[in-house]
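In: model the following, please.
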Amino acid sequence: MTEVGITTLIIIFVNVLCSYPGLKDHSYLENYAFEIDKVLIHKDYKRLVTSGFFHVSGMQLILNMATLCFFSGGTELQLGFIRYGLIYFASLVGGNLFSLFIHRKDDDYSAVGATGAVNGIIFASIALFPGFNIGIFGIHLPIPGWFYGFGYVLFSIYGIHSKRDNIGHETHLAGGLTGLIIAVLMQPASLIHNYLAISALALSSIFFIYILITRPRFLFIHNTFFNQDKEHYTVDHIFSLKGVDHQKEIDLILEKIHQQGIGSLSKKEKEKLDYYSKMIQ
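Out: As a prediction, this is how the structure comes out:
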């Protein structure tokens with residue numbers, strides 16, 4: 001796979017265009033980041049998509065876009081730009097929805113980055129072309145695609161287990177599995193010809209996603225994935241905006257009470273109001 005298709009180039013252009021202002025000012029990301037409270041309480045569902053086009057560092061952006069190039073060529077050519085784009089966006093949303101479920105009780109959890117979507121393309125490429133070697137712009141690298149894919153699953157599991165970084169590995173697995181499933185549905189023949197690679201990749205991802213949901217302590221999950229003592233962030237895809245803006249939260253809750261009455265508050269909003277009232281006493 002050496003050709004980079006027009007859809008991939010457009011995706012890269014949009015990612016660079018969106019990410020550039022945020023590289024200089026992280027507060028710029030506040031309106032676009034995947035934040036638990038903004039999605040669950042304020043119903044700002046667009047963040048499930050917009051968060052995938054912003055990055056907190058140049059290295060994060062470069063690694064994501066370079067990896068996309070490694071795996072995009074043959075997959076985009078085989079599927080066409082519409083179905084290729086569908087896999088990209090479905091993997092982005094699928095990864096974020098799973099992250100939303102895992103971190104649903106973590107009010108301060110925030111995330112940006114395209115890795116869920118990129119991982120969907122990786123897994124889709126392995127499903128369709130398990131024997132290809134990674135390459136870009138005519139340069140072949142001696143790394144089999146399937147080897148990279150399985151290695152990435154193991155890396156994600158290790159990252160979840162060790163908690164040694166701020167990377168949302170659970171989003172990687174869910175985004176990758178989403179891309180794999182959609183690719184197989186689009187090209188059912190691949191399941192016959194590539195069943196070993198597809199089965200191994202799918203079953204290993206499903207197993208560890210199951211463990212994440214049912215027995216998170218087995219993997220020593222730390223649900224915030226964020227260390228406030230750190231000023232710099234590792235690649236992909238967690239960031240923080242100096243904590244929750246309490247005043248904005250209070251204003252939004254009070255405005256909702258003014259417009260709709262206190263009975264309109266959700267259980268979580270009532271808990272927040274009670275928490276903030278105790279803070280200022």
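
In: rest of the way, CA atoms for contacts and neighbours
Out: Noted.

In: at which residues are the helices of the stretch 151-281 of the chain located?
Out: With helices called from DSSP state H, counting those that start in this stretch, the stretch 151-281 of the chain shows them at 169-186, 189-193, 195-214, 246-260, 267-279.

In: now, of those helices, which is deepest in the fold?
Out: Mean neighbour counts were taken over the helices of the stretch 151-281 of the chain using mean count of other CA atoms under 10 Å, and the top value, a mean of 25, falls to helix 169-186.

In: show me where this protein has its strands.
Out: Residue ranges of the strands in the chain, as given by DSSP state E, are 34-35, 110-112, 133-136, 139-144, 237-238.

In: which of these has the lowest mean pLDDT?
Out: Across these, strand 237-238 has the smallest mean pLDDT, namely a mean of 44.

In: what is the neighbour count of the closest residue to residue 6 other than its chain neighbours?
Out: Spatial nearest neighbour of residue 6, excluding adjacent residues (CA to CA, 6 or more residues apart in numbering): residue 81 at 8.0 Å. Around residue 81 there are 16 other residues, counting by other CA atoms under 10 Å.

In: pretty sure residue 81 is touching residue 9, no?
Out: No - counting by CA atoms under 8 Å, residue 81 does not reach residue 9; the two are 11.2 Å apart.

In: pLDDT score for the residue minimising distance to the centre of the chain?
Out: Residue closest to the average C-alpha location in the chain (CA atoms, centre = their mean): residue 116, at 3.6 Å. Predicted confidence (pLDDT) at residue 116: the value is 87.

In: and the residue nearest to it when sequence neighbours are not counted, what is it in contact with?
Out: In space, not counting the residues next to it along the chain, residue 116 is nearest to residue 175; the distance is 4.4 Å by CA to CA, 6+ apart. With contacts taken as CA atoms under 8 Å, 6 or more residues apart in numbering, residue 175 has the following neighbours: 90-96, 115-120.

In: and of these, the nearest to residue 254?
Out: Using CA to CA, residue 96 is the member of those that sits closest to residue 254, with 29.0 Å.

In: quick one: that closest one from residue 188, how far?
Out: 26 Å (CA to CA, to the nearest Å).

In: for the two, indicate the residue with more neighbours.
Out: Relative neighbour count places residue 96 above the other of residue 96 and residue 188, with 28 against 12, counting by other CA under 10 Å.

In: hmm, residue 112 and residue 51 touching each other?
Out: Yes - Residue 51 is in contact with residue 112 according to CA under 8 Å; the separation is 4.7 Å.

In: need the residues touching each of those two.
Out: Taking CA under 8 Å, 6+ apart as the contact criterion, the common neighbours of residue 51 and residue 112 are 33-34.

In: now do the same contact list for the nearest residue to residue 58 once chain neighbours are set aside.
Out: If the residues on either side of it in the chain are set aside, residue 58 comes closest to residue 23, at 6.9 Å by CA to CA, 6+ apart. Taking CA under 8 Å, 6+ apart as the definition of contact, the neighbours of residue 23 are 55-58.

In: so what pLDDT did the residue nearest to residue 116 get?
Out: According to the prediction, residue 175 has pLDDT 92.

In: go on, residue 46?
Out: 93.

In: give me phi/psi at it?
Out: Residue 46 has phi and psi values of phi -60, psi -20 when expressed as degrees, to the nearest 10.
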